[in-house]
Every structure is written in C-alpha cells, then in structure tokens.
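Asks: requesting a structural model of the entry that follows:
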Amino acid sequence: MGNIEAKTDAKGRVFLPATFRKVLQTEGVEQLVMRKDVHERCLVLYPESVWNEQMDRLRARLNRWNRQQQQIFRQFVSDVELVALDGNGRFLISRRYQEMAGIEQAVRFIGVGDTIEIWAANGEEEPFMDADAFGDALEGLMDDIA
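Replies: Okay, the predicted model is just below:
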C-alpha cells in the first residue's frame, strides 16, 4: 500500500521507494515484471511469483487453438520487461515505457494489492476518482454486504 512520488534521472532510472523495497525483500522477491496496464495509462510492477500466477490463470482460460485467444495472450506477454533493482534500489524505465505511460520525470508509485502501479505525476492522468464519486461508488459496492 502507499502513494509515493519520485523522479526519474536523465537515463530513466528511478528509486523504488523504500516502503515497497522492504516488503519485497521480506517476501524474498528478487525480480519484478513490468508491463503497461491493460486499461490505464500507467505501468504495473509484478513480483515474479505474482506474474507467474497471473500467467497461469490467463493461460488456463485460453484455448491454444483459438486464433483470437492466442492473439490476446501474445499481446499480453509481448510488452513485458524483466526488472531487477540495482544495489541502490534503482531500476530503469525504458523510453518506450515512459512514452506509453506519459512519464516525463516525476512519477507516482501506488501500491495496489500485490502489484505496484507507476503513474506519471504530471497531472495529465489522475489515478483517483474525485471524493464524491468514490464515496458513491464505494457505497454502492458495499451496500448489499451485511
């Protein structure tokens, strides 16, 4: 969990916030997988074990002999990069990924369950709903739960 802002350097390297590094170290995560989010203009970091679980779930739902389903799978896995933190806790966001997510220099890391989202912090794309819409949506979601 968390919402932490940071900046990339001239080469596109950024420090993974210490809050997230500590959790990953505790879990024994050595490698991350990064891809652009399917719906939003942000990047998603998956611990390798979480990525593998997602791949297993996706593959189990797809028919290898169905052309469209193979295209879905191919597209999902084609835009993936493996990420390893250097000794200082930094990793590289490639130019291609910076462009996909609209990242210029400032980024926002958001912990979302078992993944970490990386958003451009330039204000063009806002990852959150306004307070009233959020309250209404949450009320509607939780309304039928006793």
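Asks: so which residue is dead centre in the protein?
Replies: V44 (1.3 Å; C-alpha atoms, centre = their mean).
Asks: and the strand or helix carrying G111, how far from the chain's centre?
Replies: Per DSSP states H and E, G111 falls inside strand 106-112. Computed by C-alpha atoms, centre = their mean, to the nearest Å, the chain-centroid distance of strand 106-112 equals 9 Å.
Asks: just the buried residues of the lengthiest helix in the chain, please?
Replies: Looking across the chain with DSSP state H, the single longest helix is helix 48-61. For helix 48-61, a neighbour-count test (16 or more other C-beta atoms under 10 Å) marks 50-51, 55 as buried. Where you see a C-beta, it was placed from the backbone N, CA and C, and this is true even at glycine.
Asks: residue ranges for the helices of this structure, please.
Replies: So, for the chain - with DSSP H - the helices run 18-27, 48-61, 67-78, 95-101, 131-142.
Asks: what is the fourth one packed up against?
Replies: Under the contact definition 3 or more C-beta pairs under 8 Å, 6 or more residues apart in numbering; DSSP states H and E, helix 95-101 sits against strand 32-36, strand 43-47, strand 115-120.
Asks: distance to R64 and mean pLDDT added to the ones you listed, as CSV?
Replies: Formatted as CSV, the helices and strands packed on helix 95-101 follow (distance: least, C-beta to C-beta, whole Å; pLDDT from 0 to 100):
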stretch, distance to R64, mean pLDDT
strand 32-36, 21, 95
strand 43-47, 23, 95
strand 115-120, 26, 94
